[in-house]
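A.B. asks: What follows is a predicted protein model with its sequence.
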Amino acid sequence: MSISLDQLRYFRELARTEHVGRAARKLHISPSAVSHALLALEDELQAKLFDRDGKKLALNDRGRKLATRAEAIVTSVEGLRGELKAGDLEFRGKVRCGAPHSLACELWAPALSKLQATSPALEPALVVLGSRQLIDQLLDGHLDCALGFDLAEHPRLVIEEIGRGDVQIAVRKGHAALAAVKAGTPAEAAAALSAFPLALPHGVDVDDLEDDETFAPFATQRAGGYMRFDSYDVAVALISASRGFAFLPERFVAMRPSELVAWPTVAVASYRIKFAAKRRGGKPELIEALKAAAKAELSALAARPSV
């Protein structure tokens, strides 16, 4: 079997967009090159990766399985390329990196530690902020780079997606509502959980939830009220000590099987992890090295088996 890295790169982008034209624009190649790469990959694997309806593409089960592997492989190689490129450089001075609590702990902390081991004169500062605040801090020059969830595009920033995943409804093990539900849609889950408190991150406005088609059923006609948290660890403590629930990344739920279970339904949403830095900021080599280090940690996290 012979599958090239470019085929996996093209497939990864096509899996993200489910659109040949948009994938081609992201990759800076022609749509025909993307189409040919997909056909060659499917021929090599002897499997269709998308369901086709005319020009419309929808990732099927085989495609989703490969997308997870392709994401890890391509991210790992890109991270290695950045590490090797930065291997001859020794960085000095201060650098300020921001992220929400979970990304700060799982990605930035180990990435910065490893980078500093090869550049002892580097002084990294790690700032924990919500994703909305990160953009303002980057634009004001208080941060050099950031990792965040679904960061909004801005003309003065370079923002690159480095990973993605699903958001699940998490409840404590043995939750009373689980006994009456075998499976269902997010709307059915919202109805079953309406009497229980919903834990939300600080900074998330309930009005925003009501305006979002996916989350509106959970925010309207809510009898159970709300709780607030500033980190996923606090969210776990809240819902473990109560009958509440929260929207958490699937990876986080899988890592805590003794405390949490995912509601038996489809994922309620997806999330994208993005790296951001100023378009014309300083320290370009260091910023590239930081991005490569974050990608490498994300790849290692994805490859780690869930408990």
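C.D. replies: Good, I have the coordinates.
A.B. asks: Other residues contacting stretch 32-41?
C.D. replies: Residues from elsewhere that reach stretch 32-41 (CB atoms under 8 Å, 6 or more residues apart in numbering): 3, 6-8, 10-11, 13-14, 20, 23-24, 27, 49-50. Every residue, glycine included, has its C-beta placed from N, CA and C.
A.B. asks: SS state for residue 204?
C.D. replies: With DSSP: H, G, I helix; E, B strand; the rest coil as the basis, residue 204 sits in coil.
A.B. asks: in the chain, which spans are strands?
C.D. replies: If DSSP state E is used as the criterion, the strands of the chain fall at 50-53, 56-59, 93-99, 122-128, 145-149, 157-172, 198-201, 226-229, 245-249, 260-262, 269-278.
A.B. asks: how about those strands in JSON lines, adding mean pLDDT and distance to residue 295?
C.D. replies: JSON lines is the format used below for the strands of the chain (pLDDT from 0 to 100; distance: least, CB to CB, whole Å):
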{"stretch": "strand 50-53", "mean pLDDT": "88", "distance to residue 295": "26"}
{"stretch": "strand 56-59", "mean pLDDT": "88", "distance to residue 295": "22"}
{"stretch": "strand 93-99", "mean pLDDT": "94", "distance to residue 295": "14"}
{"stretch": "strand 122-128", "mean pLDDT": "94", "distance to residue 295": "17"}
{"stretch": "strand 145-149", "mean pLDDT": "94", "distance to residue 295": "10"}
{"stretch": "strand 157-172", "mean pLDDT": "89", "distance to residue 295": "5"}
{"stretch": "strand 198-201", "mean pLDDT": "90", "distance to residue 295": "25"}
{"stretch": "strand 226-229", "mean pLDDT": "90", "distance to residue 295": "27"}
{"stretch": "strand 245-249", "mean pLDDT": "90", "distance to residue 295": "17"}
{"stretch": "strand 260-262", "mean pLDDT": "88", "distance to residue 295": "27"}
{"stretch": "strand 269-278", "mean pLDDT": "90", "distance to residue 295": "8"}
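A.B. asks: returning to that earlier point: just checking, which of the contacts of stretch 32-41 comes out lowest on pLDDT?
C.D. replies: Checking pLDDT across the contacts of stretch 32-41, the minimum falls on residue 27 at 82.
A.B. asks: sorry, back to before: ok, of the contacts of stretch 32-41, which one's closest to residue 284?
C.D. replies: residue 27 (22.2 Å; CB to CB).
A.B. asks: Give me the distance between the closest residue to the closest one other than its chain neighbours and residue 265.
C.D. replies: In space, and not counting its chain neighbours, residue 27 is closest to residue 13: 5.5 Å by CB to CB, 6 or more residues apart in numbering. Here residue 13 is placed at a distance of 28 Å from residue 265 (CB to CB, to the nearest Å).
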